[in-house]
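**Q** The following block contains a protein sequence and its predicted model.
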Amino acid sequence: MFVHDSTAELWSDATVTCVLVPHGHQLEVELRNAGGSAFLRKTVPTRQAALNEAEYLRLLIRPAGRAIPTRGLKPFALVIEDDRDHCEALIEALRLAGMRALGCRSGAEGVCLGRELAPDLIVVDSRLPDVSGAEVCRRLRELPETASAPIIAVTASHEAMRADGRLADAVLTKPYQVDTLVAAARLFVRHMGDGAGVTS
């Protein structure tokens, strides 16, 4: 729980702790070393922006261990998002970042497409018209074609998705900047190499 008059830990591992620090009318996301000294600070305007910045930093420092095989093609992203405009905006942004992308607007369709197309990356909205994003993540993790694919969940309830078995590799909190999602997506496909078609 975030408290405006105190520091809140967002995540931690053996060597780095990420904390949220109130700073006047704004917030700072800090990375601290094992001795407690801050070695990186980022000022953000809102709690949602702070959570998303912390998630991005977590991915930079501790990338997911999911392997994406190099197939000689640009990485392929599947976007499962029921809002048509938002889905199209995400697809376009991912394409501009050098990925192939396809979208769908229901969880059941997303699971079917995941099985058929074996995407390299999956973006799942937490609120879908037929099933929850968490349930979609569970189903995708059970399929051999998508079990190891990195999943980025987008949600209005960061805590709920985080508490739900860590089925997503990254959780971005709404509202978020599309650029933040694209940057996170690039972290998951960065090791595919120059031949994979990801551009800077």
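**A** Yes, it's here. Numbers count the residues shown, from 1 in each chain.
**Q** Contacts made by the lengthiest helix in the chain with the rest, please.
**A** When the chain is parsed with DSSP state H, its longest helix is helix 47-61. Applying Cβ atoms under 8 Å, 6 or more residues apart in numbering, the set of residues contacting helix 47-61 from outside is 2, 10-11, 13, 16, 18, 20, 27, 29, 31, 40, 42, 44, 158, 169-177, 180, 183-184, 187-188. For every residue, glycine as well, the C-beta is placed using N, CA and C.
**Q** how far away is Ala89 from Leu20?
**A** Taking Cβ to Cβ, to the nearest Å as the measure, Ala89 falls 28 Å from Leu20.
**Q** With Val111 instead?
**A** Taking Cβ to Cβ, one finds Val111 at 35 Å from Leu20.
**Q** Kindly report the same for Leu113.
**A** With Cβ to Cβ as the criterion, Leu113 and Leu20 are 36 Å apart.
**Q** more crowded one of those two?
**A** A count of neighbours by other Cβ atoms under 10 Å puts Leu20 above the other of Leu113 and Leu20, at 22 against 19.
**Q** which SS class is that one?
**A** strand (DSSP: H, G, I helix; E, B strand; the rest coil).
**Q** and it, what does it touch?
**A** Per Cβ under 8 Å, 6+ apart, neighbours of Leu20: 2, 7-10, 27-30, 47, 50, 54.
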